[in-house]
Structures are given as C-alpha cells and as structure tokens.
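> Predicted model follows, preceded by the sequence.
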Amino acid sequence: MQSLPTVLLRHITRDDTHYDWLLADPRDPGGKLWTARCPLPAEQWRSAGAWVVEPIHLHRRRYLTYQGPLSDGRGSVLRVDEGWFRSRMWTDSRIVTDVRFRCFEGCVELSRLGGRFWRAAVV
C-alpha cells in the first residue's frame, strides 16, 4: 500500500468554523484532493467514534501546505494537522483508510449515507 498525503484544515468563514479533511485519491495520487467538510478536529475522532462529513469539491494540491486567506471572501484556512494515509478500499461510496496524523492514528471508514453526507467512523 502506498502512503499518500492528508491534511486537516480549520476553515474559518463569516458564518462558521469547520474542518476540511483533504486526502490524495489513490486512483490518481498526483491529482486533485478528495475533500470533506468535517465538524471535528482529528484529536476528537477517537472519542467521538463516528461523525458525519460532507464531501465538497475537489481541492488543488496546494492546499496540502497552504495557510492563509481564501479568495472571494471565503474566509481563511489554518493547517491544524497533517500526515499520511494508506487506503485499504476506495470506491465512490466507501473509503477505508489507515490514517496517521500528529493528533490521531487509526483506521477510519467513510461510507455514503445517501444524498451528500457520509458517515465517518473509527474502526
């Protein structure tokens, strides 16, 4: 299994603060990043056990290292965790991955709930 980059960004907007979890797609490791809006920082994932994420548009690879203001009044981002992951499974409706962040290490399973939301769970 190939180790691929992942990052968790705290995204601060006028309306809210959330986290964006970015992962390189193992089917296209050098391409754009699969991205999901996440309500929790990685250090809370284990205690939460499961949470809901919302995949959003693919992000450019520059966001693996970028911190700062976003264009068009979309707020700003701060890189709060970074690391790598190894994909066990990656389909359009299910992702199982071993994640190694600074604040979390473990297996996370993402599965489509229907509509635009997915369930993330530490397994």
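Received it, and whenever you're ready, just let me know what you need.
> what residue ranges in the protein score low on pLDDT?
Within the chain, no range satisfies pLDDT under 70.
> just the strands in this protein please.
Here the chain has its strands, by DSSP state E, at 3-12, 17-24, 33-38, 50-59, 68-69, 76-90, 94-101, 105-114, 117-122.
> Determine the set of other helices and strands touching the first one.
For strand 3-12, the helices and strands in contact under the criterion 3 or more CB pairs under 8 Å, 6 or more residues apart in numbering; DSSP states H and E are strand 17-24, strand 76-90, strand 94-101. Bear in mind the C-beta positions are built from the backbone N, C-alpha and C, glycine included.
> that older thread, any chance of the strands of the chain in JSON lines with distance to Gln44 and mean neighbour count as columns?
Putting the strands of the chain into JSON lines (distance: least, CB to CB, whole Å; neighbours: other CB atoms under 10 Å) gives the following:
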{"stretch": "strand 3-12", "distance to Gln44": "11", "mean neighbour count": "19"}
{"stretch": "strand 17-24", "distance to Gln44": "10", "mean neighbour count": "20"}
{"stretch": "strand 33-38", "distance to Gln44": "10", "mean neighbour count": "20"}
{"stretch": "strand 50-59", "distance to Gln44": "8", "mean neighbour count": "14"}
{"stretch": "strand 68-69", "distance to Gln44": "25", "mean neighbour count": "9"}
{"stretch": "strand 76-90", "distance to Gln44": "11", "mean neighbour count": "16"}
{"stretch": "strand 94-101", "distance to Gln44": "12", "mean neighbour count": "18"}
{"stretch": "strand 105-114", "distance to Gln44": "13", "mean neighbour count": "14"}
{"stretch": "strand 117-122", "distance to Gln44": "11", "mean neighbour count": "16"}
